[in-house]
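Enquirer: Sequence and predicted model, in that order:
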Amino acid sequence: KFSCVSRLDQSFIDGYNGTAKIQPSVYLLEGLSEFDMIESNRHNEKIHNKIYMNALCHGVRERYIDVLNRSDWFKLKKKDKGEHLQKKNYFEEFSTYKYALNLDGVAKICYRDLEAFGLGCLLFREKLNVLTYEQLEINKHYIELIDNDIKSKIYDDSQIPYIIEKVESRIHEVVSSGEAEHIVNESRGWFERNCLPENQIKIIYSFLEDFEIFK
C-alpha cells in the first residue's frame, strides 16, 4: 500500500493495478507554524479586489506572471526575483486579497492552494487533476482560469491581448455570478477537514486499516 498526493493522478494508479494499492492522501503546508498564521489572518478585511500570488518562478510561471500582470485584475509577484516576504508578512499581505492565483509548480498541487483555502480567498488556477483523500472539484473548491487554449498560446506575444481578454471575461463572469462566497466556504471546509493537523493525523491513521497491512 502506497500513499501520496503530489503528482498522483488516475494514470499513475492504473499503472500499478494489481501490484499495489495506491491511496490518495493529504497535502501539507510548508510548516506547522503556518496553521497559526493562517488562523490569525483569515478574518482580516479583504480590501484588495485583485488576484494575488507571490511564487517561485518554476517552469512557465514567470511567463504567466509577466503576461497576466498586464491586467489590472492581477497582483502577481516573483518570490525568487526580489519580492520574497517573511512568512508573517506574506500571510498578512495575502489575507487582504479577495482572490488568489495558483499555477502548477514542482508538483501538480502547491502550498498556495491550501493557503488560499485557509485564508478564505477565492482560488483561480489551472485544472487540478491530482487525486486527494477528499477530492478537490472545479467550481466547488476553485475556479479553472488557465485552460488548454491559454496554455497553447502563452508564449505567443501576438496572443497576449486575446489571453487577457479571455481571463478578464472569465473573472467577471465568476465574480458577477454570486457563487464566490459559496466556493470560498466550501474550500475553507475542505481545508478544515483535510489540512488541520489533528484531522490529517486521523486520515493518515485510517490508511493503516487497524494495521492489517502489516500482517
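Expert: That came in fine, so what should we check first?

Enquirer: Please make it C-alpha for all contacts and neighbour counts, starting now.
Expert: Noted.

Enquirer: can you give me the helices in the protein?
Expert: With DSSP state H as the definition, the chain shows helices at residue ranges 10-15, 33-41, 61-68, 87-94, 111-119, 148-153, 160-177, 180-195, 197-206.

Enquirer: Which parts of the third one count as buried, going by neighbours?
Expert: If I follow you right, that is helix 61-68. Residues of helix 61-68 classed as buried: R61, E62, Y64, I65, V67, L68 (neighbour count, 16 or more other Cα atoms under 10 Å).

Enquirer: Could you tell me how far it lies from the centre of the chain?
Expert: 17 Å (Cα atoms, centre = their mean, to the nearest Å).

Enquirer: Check the fifth one too.
Expert: A distance of 6 Å separates the centroid of the chain from that of helix 111-119, by Cα atoms, centre = their mean.

Enquirer: so which of the buried residues of helix 61-68 comes closest to L28?
Expert: L28 has its nearest neighbour among these in R61, at 21.4 Å by Cα to Cα.

Enquirer: Let me know which of the helices of the chain is the nearest to S25.
Expert: Taking Cα to Cα, helix 197-206 is the member of the helices of the chain nearest to S25, at 7.3 Å.

Enquirer: Run the chain-centre distance for that closest one.
Expert: The offset between the C-alpha centroid of helix 197-206 and the centroid of the whole chain comes to 21 Å, using Cα atoms, centre = their mean.

Enquirer: Same question for stretch 135-144.
Expert: On Cα atoms, centre = their mean, the centre of stretch 135-144 falls 10 Å from the chain's centre.
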